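Novice: Fold the following for me, if possible:
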Amino acid sequence: MPGPFHPLARRVFYGWVVVAAAFLCMFVSFGVAYSFGTFFEPLRDEFAANRGAVSLVFALTGFLYFGLGAATGPLADRYGPRAVCMAGAAAFFAGLLVASRAQAVWQVYLSYSLFVGSGVAACYVPSIAAVQRWFVRRRAFASGIAVSGIGLGTIVVPPISSALIDAYGWRTAMVLTGIAAGVLGGVAAWALERSPAELGLRPDGGDALSRPPSGEAGPEPGLPGLGVGEAVRTKAFAWLYAAGVLATAPVFLALGHIVPYGQDEGLSLAQASLGLTGIGIGSMVGRLLLSPFGDRLGRRTAYGASIVGMAVLTYVWFAVPLSSVPALVLWGALFGSAYGAFVALSPTLMADYFGTRAVSSVIGVFYTAAGVGALAGPWLGGVIYDAADSYRPAILAAALSATLGALAVWRSPSPEAVRAESSPRTRSGRAAESA
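Specialist: Below you'll find the model as predicted:
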């Protein structure tokens, strides 16, 4: 089905429309998900739950939206990103509406966690994978713009959510958020397009020699790279997967607990939520200004450096109490810068290592690593807090986790080595030797 924005392809390279659509998908998806910190204390008070139980809401959400990428990626390869992201927009609306009627915390798991987690998975992997197919030379730059929607959503949505909770209560705030997310997510999904070949174009704006047959579905076998099964069996994928798990845990500890941490330090809900705003501002910087250096310095090197930055700043969080608004926001902005570059470079790394033939599927499987980290970070942070009555042990564990993640990146083979190993010439040579 033709998209409503296809006429723009006559005036501008449609890849930039895809980038804008992916940006809006990220804004909606992660604006909703990362505003959870503003609901943390209201949910705890409403259901008389401990921090471990409430943290599990966010932990399950993160686990699902990264873990389900292994399903939404192949679905996008088969049916296109537009249909899958439309389903995600519907999930936001339904999940937040049902969660607003919850009478026990387990009902929040089955509504908010399940539907918001599924909605993010349906929007995130398909939209960011689409961007990879539209660009080669400026892939990190285009991806950085797209995922900066995550940063803007983290800046804009939590303060709005906090204001809505203060004005109308958490239940009405969820309903209003669900309506806005459903509408904006649907508009963004409608503008997405699977690949430049669908419009008779090539990556970066070149004219294609021919258009694919109308209604063509499934992965594009003519594109260079490995299939998903081949990619996940490589040593490089194993090391990068380990890095993804270890580096994501401290990110989600911060995103899930920075607001209650700030409140423990004596700040109000509105003041503590500015910690998320700081992370959002910093992540915009990381995505737009830092991640493009990956195109010059090497995306693997830049990816490892971003994890080192997160590790250093988590050690700072352990050593220095963030007990004032300026300290909380400054730390959030610095941490967000490293985290933003990390997120922007992740999908480009998959395309660099394994090509674009099944890029949605490869990215989807890779993001299950982030799902494990997203489950472990906030949930264990809450459990450790309940046991120690302090966030310090959890913060130290998160810093050590990020350190190990950086080491895993350096242990991985280079993209050039993986491409050489998997080239047809190398494979045929090995087959001849074995014969």
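
Novice: which stretches of the protein have low pLDDT?
Specialist: For the chain, the stretches flagged by pLDDT under 70 are 1-11, 206-224, 291-292, 294, 422-435.

Novice: let's see it at 80
Specialist: 1-12, 69-70, 136-140, 144, 151, 195, 197-226, 287-298, 356-360, 419-435 (pLDDT under 80).

Novice: how far away is S162 from V187?
Specialist: Noted for S162: a distance of 25 Å to V187, by CB to CB, to the nearest Å. Heads up, the C-betas are built off the backbone N, CA and C, glycines and all.

Novice: The two - which one has more neighbours?
Specialist: Comparing S162 with V187 by other CB atoms under 10 Å, the one with more neighbours is S162, at 25 against 15.

Novice: now for the helix or strand hosting the more buried one, which elements pack on it?
Specialist: According to DSSP states H and E, S162 maps onto helix 139-168. Judged by 3 or more CB pairs under 8 Å, 6 or more residues apart in numbering; DSSP states H and E, helix 139-168 is in contact with helix 14-34, helix 36-47, helix 117-134, helix 170-191, helix 269-272, helix 274-285, helix 294-297, helix 325-354.

Novice: Minimum distance to T154: which of the ones you listed has it?
Specialist: With CB to CB, the closest approach to T154 among these belongs to helix 274-285: 3.0 Å.

Novice: contacting residues around that closest one?
Specialist: 34-35, 37-38, 148, 150-156, 158-159, 254-255, 258-259, 261-262, 322, 325, 328-340, 343 (CB atoms under 8 Å, 6 or more residues apart in numbering).

Novice: try 7 Å
Specialist: Contact partners of helix 274-285, identified using CB atoms under 7 Å, 6 or more residues apart in numbering, comprise 34, 37, 148, 150-152, 154-155, 158-159, 254-255, 258-259, 262, 325, 328-330, 332-337, 339-340.

Novice: now do stretch 235-248
Specialist: Outside stretch 235-248, the residues that touch it by CB under 7 Å, 6+ apart are 231, 307, 310, 342, 349, 353, 366, 369-370, 372-374, 377, 401-402, 404-405, 408-409, 411-413, 418.

Novice: secondary structure element for the nearest residue to A374 once chain neighbours are set aside?
Specialist: Nearest in space to A374, with sequence neighbours left out and distances taken as CB to CB, 6 or more residues apart in numbering, is G62 at 2.7 Å. Per DSSP H and E: G62 is located in helix 51-67.

Novice: Could you identify the helix or strand that succeeds that helix?
Specialist: helix 69-79.

Novice: Quick one: residues in contact with that next one.
Specialist: Counting by CB under 7 Å, 6+ apart, 84, 121-122, 124-126, 129, 217-219, 358, 360-361, 363-365, 367-368 sit against helix 69-79.

Novice: let's see it at 8 Å
Specialist: Outside of helix 69-79, the residues within contact range by CB under 8 Å, 6+ apart are 84, 88, 121-122, 124-126, 129-130, 194, 217-219, 228, 358, 360-368, 371.

Novice: Tell me what angle that helix forms with helix 117-134.
Specialist: Angle, helix 69-79 to helix 117-134, by axes from the mean of the first three to the mean of the last three CA atoms, to 10 degrees: 50 degrees.

Novice: Let me have the helices and strands packed on helix 139-168 in JSON lines, extended by distance to A247.
Specialist: Shown next, in JSON lines, are the helices and strands packed on helix 139-168 (distance: least, CB to CB, whole Å):
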{"stretch": "helix 14-34", "distance to A247": "17"}
{"stretch": "helix 36-47", "distance to A247": "20"}
{"stretch": "helix 117-134", "distance to A247": "17"}
{"stretch": "helix 170-191", "distance to A247": "27"}
{"stretch": "helix 269-272", "distance to A247": "25"}
{"stretch": "helix 274-285", "distance to A247": "14"}
{"stretch": "helix 294-297", "distance to A247": "16"}
{"stretch": "helix 325-354", "distance to A247": "6"}
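
Novice: Quickly compare these and say which is most buried.
Specialist: Of those, the one with the most neighbours on average (mean count of other CB atoms under 10 Å) is helix 117-134, at a mean of 29.

Novice: That helix packs against which elements?
Specialist: Helix 117-134 sits against helix 14-34, helix 51-67, helix 69-79, helix 81-99, helix 139-168, helix 170-191, helix 325-354, helix 359-388, with contacts defined as 3+ CB pairs under 8 Å, 6+ apart.

Novice: closest to E198 out of the ones you listed?
Specialist: helix 14-34 (9.2 Å).

Novice: Can you give the distance from that closest one to the centre of its chain?
Specialist: 11 Å (CA atoms, centre = their mean, to the nearest Å).

Novice: wait, what's in contact with L96?
Specialist: Taking CB under 8 Å, 6+ apart, we find L96 in contact with V32, Y112, F115, V116, M174, V175, T177, G178, A181.

Novice: Closest one of the residues you listed to N50?
Specialist: Distances from N50 to the contacts of L96, taken by CB to CB, are shortest for Y112, at 17.7 Å.

Novice: Report the secondary structure state of that closest one.
Specialist: Under DSSP: H, G, I helix; E, B strand; the rest coil, Y112 falls in the helix class.

Novice: I'd like to check which residues are in contact with it.
Specialist: Shown in contact with Y112 (CB under 8 Å, 6+ apart): F36, V57, T61, G95, L96, A99, A102, M174.

Novice: Same list (those residues) but as TSV, adding distance to F293.
Specialist: Putting these into TSV (distance: CB to CB, whole Å) gives the following:
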residue	distance to F293
F36	31
V57	36
T61	31
G95	37
L96	37
A99	40
A102	44
M174	39
